[in-house]
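> sequence plus predicted model, see below.
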Amino acid sequence: MTRAGYAWIVTEQSITGNALQFAPEGLLAIKLHGGTNTSAHISDALKVVAKGYHSYLQTDGPTNSGPPQHCRTDVPWESGHIFYKNMVEAIIPHGSIGRIEFDSSGDMIAADYKIENLQNGNLVQIGSWMAGSDPVDIHKPNSIVWPGGARTPPVGFEISNHFRVVSIKSHPFTYVDPTLDDGSCLEDDALECTDHEGNAKCCSGFCMDLLVKLSTKLNFTFEVHLVTDENYGAYERINGSTTKRWTGLIGDLVDGKADMIVAPLSINQAGSNEIDFTKPYKYRGFSILIKRPINTNNLSQVVRPFETKLWIVIFASIHLVAVILYLLDRFSPFSRPKRNQDEPDSCNISQAVWFTWSVMFNSGVGEGTPRSFAARVLGVVWAGFAMIIVASYTANLAAYLVLDKPKGGIMGINDARIRNPSASFKYATVQRSSVETYFKRQVELSSMYLFMKDRNYKNAQDAIDALKRDEIQAFIWDSAMLDYEAARDCSLVTVGELFGRSGFGIGLRFNSPWTYKMSLKILNFHENGVMEELDSKWIRRQNICSRSDDQPRTLEMSSMGGVFILVAGGLVFSCFCIWVEILYKRKQDAKKRQLDLARVAVENWRSTVKERRRAGKMLNQVSQSSAAEKHNGVQGPAALEKEMDGTMPACLLSRRSQRSKLPPPPTAASRWNSAGHSAAMQARQPLYGEFELKERV
């Protein structure tokens, strides 16, 4: 930088003492008039102190305390600031080194300077600058020697403080929204910008906030417009000719249509040959976005811990052990109670089945436990078996329901379906982007580039929409934007590790003097947490998919649906069982009523037969006794009746006449019919009333 074409302008400190021998030939130095005259400085300093002290005594000095006796005292000088104020306000119009005047901070605001040029190791005065005069007075402009021994000044350029900024629509870095009817923007932090047709738009996002902060800190103005062809930039032939040029964002900067690129522009070697990149404002890499695989949970989720064969063996073991328990308890000589002991007998088969199921599900066994020692030993072994089975089932069920996460369709950039392209698995990126350039320049990825070349989309949003419509199975793009999309839409997920790591930087014209300033300010933003604030505001603020794939997932209804179906099946089966029990009970009650009717009819028939037999026997005995009396000359009952007709009651006479009119003894068939009919008539009313009451209840 000491050769021709450069200029050195330094202060007095750079040419004082030993520093002068290291100064380059042709530098220009600004030197205070009388700056090396010590006596002149002391004289002017005493004049300032005297004038300030005089003003101090004339105003506030007599009413305030005096200065401290030494500097090591702990008691402050209460009126010291008043004395300092009077000294700063002191003005010496004609001092030894010129006019002396200070600002509120104590710095000189009026000074005379000499302009000197280093020629052959000696300083030569070529001009001066007096306080109050705007232009610099150069006495001998042709006598100036410039670096490299040149006699003509280097060609300079004007540093502009106004930038034409170009950006591109890319969420969440740059949002582009229409303006309101009055031309304003809906969001307060949005900037006015224009599209490629010149229409007013509202631009906001990560990059726009970063641009505002940089302009505030570095004191520049800007205007924003969107890139015409909506591309990031690629170096390619124009219309199939041999001429190559840059397109997109980089093309606007190279062609002079813009002064700065503020967008998610990747820092790469190809672009660095044409433009300047600042230090990265956000580090990132390339990633792969796919549709999140649909959860395979179904209603049979609760039976997944064991395979079908194991479930069959467990079910068979339950009933086999129940049968063996019944047999052991049945044939054991110690399972039956002793005489005169009120103890239950050995468990039956239903109690044995209930015991094995209760032990398996760790529920209480209220009754029907085995009584023999052999059956109890088997029961203890069965309890240990049930404990192991239940513990294994619980552990596997937890693994399936909580830790079983859906696996992505691919594992990363090294997946076989990515490395070996086929029509069954399509993937793409964005045309004329840094991702496409990366695949194009990597020899080992050339087959992937050729596969994607005709499938790439114009912008990232079109590719994401195609992914949702299953037109492609994977989208390769910058990790920051893919993470943002995956945070907004839970049906999408990023897979694999990052590759092609680099960063996003601000693009400036080649050898721009603003590159260094902006890089320092961006590093300062990283240290002060400004970038973290922007990242939280624009990238992580819309994360509705808070659950990470590295954490256990929350159980869903589909995961536990099988349990509820199991309970519902138990309810249905229980209702079926109670229905069967009710039908069975009704049949039993009907059969019992028929037996009761038959039993009552038989009892009534038997009583009727007995009564008739008893009456017949009595008539036979009476007739036999009357014949015997008549034969022996004894007055029989008939004679006695005739004699006593006047004295016998009328009821006895009617009873005797009715008895004489009794029908002949019935036959067996007539006895059965009459007895059954009379019994039915006697028992029908109460039994029918009881049956009708039960039916109504």
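It's in.

> quick one: low-confidence ranges for the stretch 451-600 of the chain?
Residue ranges of the stretch 451-600 of the chain with pLDDT under 70: 541-564, 566-567, 570.

> go with 80
Residues of the stretch 451-600 of the chain meeting the criterion pLDDT under 80: 488, 539-571, 573-575, 577.

> same thing with the stretch 151-300 of the chain?
The stretch 151-300 of the chain contains residues with pLDDT under 80 at 151, 155-160, 237-243, 270, 293-300.

> apply 70 and report the result again.
Looking at the stretch 151-300 of the chain by pLDDT under 70, you get 156-158, 240, 294-300.

> residue ranges of the strands in the stretch 151-300 of the chain, please?
Secondary structure of the stretch 151-300 of the chain (DSSP state E, counting those that start in this stretch): strands located at 162-167, 175-178, 191-194, 200-204, 221-226, 235-237, 244-246, 260-261, 276-277, 282-291.

> nearest to Asp107, of those?
Nearest to Asp107 among the strands of the stretch 151-300 of the chain is strand 221-226; the distance by CB to CB comes to 29.3 Å. Where you see a C-beta, it was placed from the backbone N, CA and C, and this is true even at glycine.

> pairing partners for that closest one, with directions?
Strands that pair with strand 221-226, judged by DSSP bridges, come out as strand 162-167 (parallel), strand 191-194 (parallel).

> that strand: which residues count as buried?
Neighbour-count burial for strand 221-226, with 16 or more other CB atoms under 10 Å as criterion, is recorded at Phe222, Val224, His225, Leu226.

> who touches that strand?
For strand 221-226, contacts defined as CB atoms under 8 Å, 6 or more residues apart in numbering pick out 161-169, 176, 191-196, 201, 203, 208, 211, 215, 258, 260, 262.

> can you rerun that using 7 Å?
161-169, 176, 191, 193-196, 203, 211, 215 (CB atoms under 7 Å, 6 or more residues apart in numbering).

> show me what the helix or strand harbouring Ser607 is packed up against.
According to DSSP states H and E, Ser607 maps onto helix 557-631. If you count contacts as 3 or more CB pairs under 7 Å, 6 or more residues apart in numbering; DSSP states H and E, helix 557-631 packs onto helix 668-696.

> hmm, try it at 8 Å
Counting by 3 or more CB pairs under 8 Å, 6 or more residues apart in numbering; DSSP states H and E, the packing neighbours recorded for helix 557-631 are helix 637-643, helix 668-696.

> pick the most buried one from the strands of the stretch 151-300 of the chain.
Ranked by mean neighbour count, the strands of the stretch 151-300 of the chain are led by strand 260-261 with a mean of 26 (mean count of other CB atoms under 10 Å).

> pull the distance from that strand to the chain's centre.
Distance of strand 260-261 from its chain centroid, counting by CA atoms, centre = their mean, to the nearest Å, is 36 Å.

> stretch 247-263 now?
Centroid separation between stretch 247-263 and its chain, computed with CA atoms, centre = their mean, is 39 Å.

> ok, and what's touching it?
Residues outside stretch 247-263 that contact it (CB under 8 Å, 6+ apart) are 160, 163-168, 170, 173-174, 207-208, 210-211, 222, 224-225, 227-234, 236, 245-246, 265, 271, 274-275, 432, 506-509, 514.

> one more time with 6 Å
With contact meaning CB atoms under 6 Å, 6 or more residues apart in numbering, stretch 247-263 is reached by 163-168, 207, 211, 227, 229, 231-234, 246, 271, 274-275, 432, 506-508.

> same question, stretch 452-470
Residues from elsewhere that reach stretch 452-470 (CB under 6 Å, 6+ apart): Ala428, Thr429, Val430, Gln431, Ile472, Phe475, Trp477, Glu485.

> check stretch 518-534 too.
Contacts of stretch 518-534 (CB under 6 Å, 6+ apart): Phe206, Asp209, Lys217, Thr278, Lys279, Tyr281.

> repeat that for 10 Å
Residues from elsewhere that reach stretch 518-534 (CB atoms under 10 Å, 6 or more residues apart in numbering): 172-173, 205-207, 209-210, 213-214, 217-218, 220, 260, 276-283, 505-506, 508, 512, 535-536, 540.

> flag every buried residue along it.
For stretch 518-534, using 16+ other CB under 10 Å, the buried residues are Met518, Ser519, Lys521, Ile522, Phe525, Val530, Met531, Leu534.

> please flag which of those sit within strands.
With DSSP state E as the criterion, strands contain none of the buried residues of stretch 518-534.

> give me the angle between whichever strand in the chain runs longest and strand 282-291.
Ranked by residue count and defined by DSSP E, the top strand of the chain is strand 492-504. For strand 492-504 against strand 282-291, the angle by axes from the mean of the first three to the mean of the last three CA atoms, to 10 degrees is 160 degrees.

> quick one on the thing from earlier: list buried residues within the contacts of stretch 518-534.
Buried members of the contacts of stretch 518-534, counted by 16+ other CB under 10 Å: 172-173, 205-207, 209-210, 213-214, 220, 260, 276-282, 505-506, 508, 512, 535.

> before we move on, the earlier item: for the longest strand of the chain, packing partners?
Applying 3 or more CB pairs under 10 Å, 6 or more residues apart in numbering; DSSP states H and E, we find strand 492-504 packed against helix 206-218, strand 276-277, strand 282-291, helix 434-441, helix 460-468, strand 474-478, helix 479-488.

> make a markdown table out of the strands paired with strand 221-226 and add distance to Val380.
Formatted as a markdown table, those follow (distance: least, CB to CB, whole Å):
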| stretch | distance to Val380 |
| --- | --- |
| strand 162-167 | 78 |
| strand 191-194 | 80 |
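
> and Phe385, which of those is closest to it?
Judged by CB to CB, the one of the strands paired with strand 221-226 that comes nearest to Phe385 is strand 162-167, at 70.4 Å.

> run the chain-centre distance for the closest one.
38 Å.

> how about stretch 119-127?
Mean C-alpha position of stretch 119-127 versus that of the full chain (CA atoms, centre = their mean) differs by 72 Å.

> for stretch 184-195, C-alpha coordinates in CSV please.
Output in CSV follows, covering the C-alpha atoms of stretch 184-195 (Å, rounded to 0.1, in the frame of the first residue of the first chain):
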residue,chain,number,x,y,z
SER,A,184,-48.8,1.7,3.9
CYS,A,185,-47.8,-1.6,5.3
LEU,A,186,-49.8,-3.7,7.8
GLU,A,187,-46.8,-4.5,10.0
ASP,A,188,-44.9,-1.7,11.7
ASP,A,189,-41.4,-3.2,11.1
ALA,A,190,-42.0,-3.8,7.3
LEU,A,191,-40.1,-1.8,4.7
GLU,A,192,-41.3,-0.4,1.5
CYS,A,193,-39.9,-2.2,-1.6
THR,A,194,-40.7,-2.7,-5.2
ASP,A,195,-41.0,-5.8,-7.3
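
> alright, I will stop here.
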